[in-house]
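# Provided below for reference: sequence and predicted model.
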Amino acid sequence: MLSTDTGAVRDARLETLSTVLAGLMRRYQARVPDVARVLQVMTAAGLIQHAGAVENDHIAFRTMGVPHLGIASLEQIFLHYGYTRHDRYNFATKKLTAYWYRPPQAHFPRIFISELRVPELSPQAQAIITSYTDEVPHDPVRDLDLDDGQAVDAFLHQPLWRTPTWADYQTLLRESEFAAWVIYNRYYLNHFTVTVHNLPAPYNTIASFNEFLVAHGFTLNDAGGTIKVSADGNLIQSSLVAQIVPATFADEHGGTLAQRIAGSYIEFAERRVLPDFHDLPLDQLGREHRRDGFDAGNADGIFESTYTHQTRKQES
């Protein structure tokens, strides 16, 4: 049994976690207009009563696998608040490693953190990346007061290295679109995920919800198909194509250069009831009765929501 002091520490950390997550979502929504649009059409159709009623399945971050950064650094924040790490995923072609993190309480979103295996890139790409990341001389999370939610929120939205040049961004884009996204966006929230299975019928499946999105003019990521199904058939996902957002790059002459690049996006998830719980009444089903975790095949296609072959649809 937890002592009163231990319980107070836990409660304080959960409150801080709420502050951090609220900060992430506030800034993410400000930069991704599709969020407001999706919530608006869902509310208008009666799928939710208000924007705050959406259940967030998970949020995701992208990182660089270099000294002082990457998963080992970023995960410290969420482990501090009671998240637990699960399941390593390998994306060989994309040269990525990822883990997912179960929240301390079910109303918090899961977290998915991916990392680019920088040493597997070409010498040119490695040199570009480390010319920026070498500006981080030690693990920056170790300097944070993780019990100060405002400080953690600010950290997750601050530049970790100088503004990249457009030339460097384009060079990385040709070899690793993931690398190009991270070199500009750093720890910016990559996506949040609408939980579809708890929506009212008939919109509580990815198939029907995708039709709803398309009917309202949204563009779906079709890498691996617009509907992505796990090997066991119990995790079904889809995502919108990332929005093209204004970005300011450095130029070689000390000035700045305005461009438009892939920003963040929205994902959708349907988690089916596990076989052992098929007989449970609908009103008794909780998160623990449904498929948990992630699927590498699904995630591989979801990553491409920010890739050029998808985002060009936004400007066609």
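Great, that's in hand. Numbering: from 1, shown residues only.

# can we go C-alpha only for contacts and neighbour counts from here?
Fine.

# give me the number of residues near residue 251?
Neighbour count of residue 251, defined by other C-alpha atoms under 10 Å: 16.

# so how far is residue 167 from it?
Using C-alpha to C-alpha, to the nearest Å, we find residue 251 at a distance of 8 Å from residue 167.

# then residue 93?
Here residue 93 is placed at a distance of 24 Å from residue 167 (C-alpha to C-alpha).

# okay, these two: which has more neighbours?
More crowded of residue 93 and residue 167, by other C-alpha under 10 Å: residue 167, with 13 against 7.

# list the contacts of the more buried one.
Counting by C-alpha atoms under 8 Å, 6 or more residues apart in numbering, residue 167 makes contact with residue 251.

# ok, it to residue 241 distance?
Separation of residue 167 from residue 241 (C-alpha to C-alpha) stands at 24 Å.

# helices of the stretch 51-200 of the chain, start to end?
Using DSSP state H, counting those that start in this stretch, the helices of the stretch 51-200 of the chain run over residues 70-80, 123-133, 149-155, 166-175, 177-185.

# my guess is residue 189 contacts residue 24. True?
Yes: judged on C-alpha atoms under 8 Å, residue 189 makes contact with residue 24 at a distance of 6.8 Å.

# compute the first-to-last residue distance for stretch 75-94.
Note: stretch 75-94 ends 21 Å apart using C-alpha to C-alpha.

# of all the residues in that stretch, which ones are buried?
75, 77-78, 81-85, 89-91, 94 (16 or more other C-alpha atoms under 10 Å).

# hmm, back to that, will you turn the helices of the stretch 51-200 of the chain into a markdown table that also has distance to residue 11 and mean pLDDT?
A markdown table is the format used below for these (distance: least, C-alpha to C-alpha, whole Å; pLDDT from 0 to 100):
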| stretch | distance to residue 11 | mean pLDDT |
| --- | --- | --- |
| helix 70-80 | 12 | 98 |
| helix 123-133 | 35 | 98 |
| helix 149-155 | 13 | 96 |
| helix 166-175 | 42 | 97 |
| helix 177-185 | 32 | 98 |
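
# ok, which of the ones you listed comes nearest residue 224?
Smallest distance to residue 224 across these (C-alpha to C-alpha): 17.0 Å, for helix 177-185.

# which helices and strands does that closest one pack with?
With contacts defined as 3 or more C-alpha pairs under 8 Å, 6 or more residues apart in numbering; DSSP states H and E, helix 177-185 has these neighbours: strand 56-64, helix 166-175.

# mind checking which of those is nearest residue 271?
Using C-alpha to C-alpha, the nearest of those to residue 271 is strand 56-64, at 9.4 Å.

# run through the neighbouring helices and strands of the closest one.
In this structure, strand 56-64 packs against helix 70-80, strand 110-116, helix 177-185, strand 191-195, with contacts taken as 3+ C-alpha pairs under 8 Å, 6+ apart.

# quick one: residues in contact with it.
With C-alpha under 8 Å, 6+ apart, strand 56-64 has contacts from 69-71, 108-118, 179, 182, 186-195, 269.
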